[in-house]
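K.L.:
next one to model:
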Amino acid sequence: MKIAISSDEYFPMIDELIADVKQRGHEVIYFGPLEGEKSQDWPEVTLKAIAEVKSGKAAEAIVLCWTGTGCTLIANKVPGMRASLCVDAETAKGARKWNHANVLGLSLRMTSGPILKEILTAWFDTPFTHDEWNMLQMKRVKEVELKYS
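P.N.:
Predicted coordinates:
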C-alpha cells in the first residue's frame, strides 16, 4: 500500500518513520524537508500528502508538525479525510477501529522512537470495525461532510 508522509520540519524521526513504514512493506511518498533543508509551511506540505490520498495515488497519509494539531486540523478540512492526532497506541487503535481514520497525525515534539513504533503497529494492525453501530457512525460523519462542504 502507498502511504503519503508529510512534515513541515526535518527531525531524525522522519527517517525512522519512513524506514519503519517501508519495513512494514509499504511504499512511501514523502513531502517535506530532508536533513539540512529549510522548514516548510505545514498547511502546504500536509495538503500535498492529503492530495495523494484524495486522488487515490496513496491509500493513507501520515502527517506531522510540531504539535500534530495543525497538520491534523488541515487534513480534516478535506472531505473524505478522517485524520486523528495519535500520541499513543490506544488512541491509534481507537481511531482506526471506531473512526475509520485514514490519516495519522503525529507530533514531532511529543513522539519518541519507542512510542512511534507502538503507534505504527497499532495503526497498521487494527482493522476498521464494520458492525451495525459503527457503520451508522461513519454514515453520520459522511452526512456532516456533505452538509457542510
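K.L.:
from Thr129, how far out is Gly32?
P.N.:
32 Å (C-beta to C-beta, to the nearest Å). Where C-beta positions appear, they are placed from N, C-alpha and C, glycine not excepted.
K.L.:
could you do Glu44 as well?
P.N.:
From Glu44 across to Thr129, the span is 34 Å (C-beta to C-beta).
K.L.:
before we move on, what about Thr46?
P.N.:
With distances taken as C-beta to C-beta, Thr46 is found 27 Å from Thr129.
K.L.:
ok, these two, which is more surrounded?
P.N.:
Ranked by neighbour count (other C-beta atoms under 10 Å), Thr46 and Thr129 place Thr46 first, with 32 against 15.
K.L.:
for the more buried one, helix, strand, or coil?
P.N.:
What DSSP: H, G, I helix; E, B strand; the rest coil gives for Thr46 is helix.
K.L.:
so who does it touch?
P.N.:
Ser6, Asp8, Val63, Cys65, Gly70, Cys71, Ile74, Ala75 (C-beta atoms under 8 Å, 6 or more residues apart in numbering).
K.L.:
need the phi and psi values for the spatially most central residue of the chain.
P.N.:
Closest to where the C-alpha atoms of the chain average out (C-alpha atoms, centre = their mean) is Leu104, at 2.2 Å. For Leu104, the backbone dihedrals (degrees, to the nearest 10) come out as phi -100, psi 120.
K.L.:
now the closest residue to it other than its chain neighbours: how far from Lys97?
P.N.:
With sequence-adjacent residues excluded and distances taken as C-beta to C-beta, 6 or more residues apart in numbering, Leu104 is closest to Ile62, at 4.6 Å. Per C-beta to C-beta, Ile62 is found 18 Å from Lys97.
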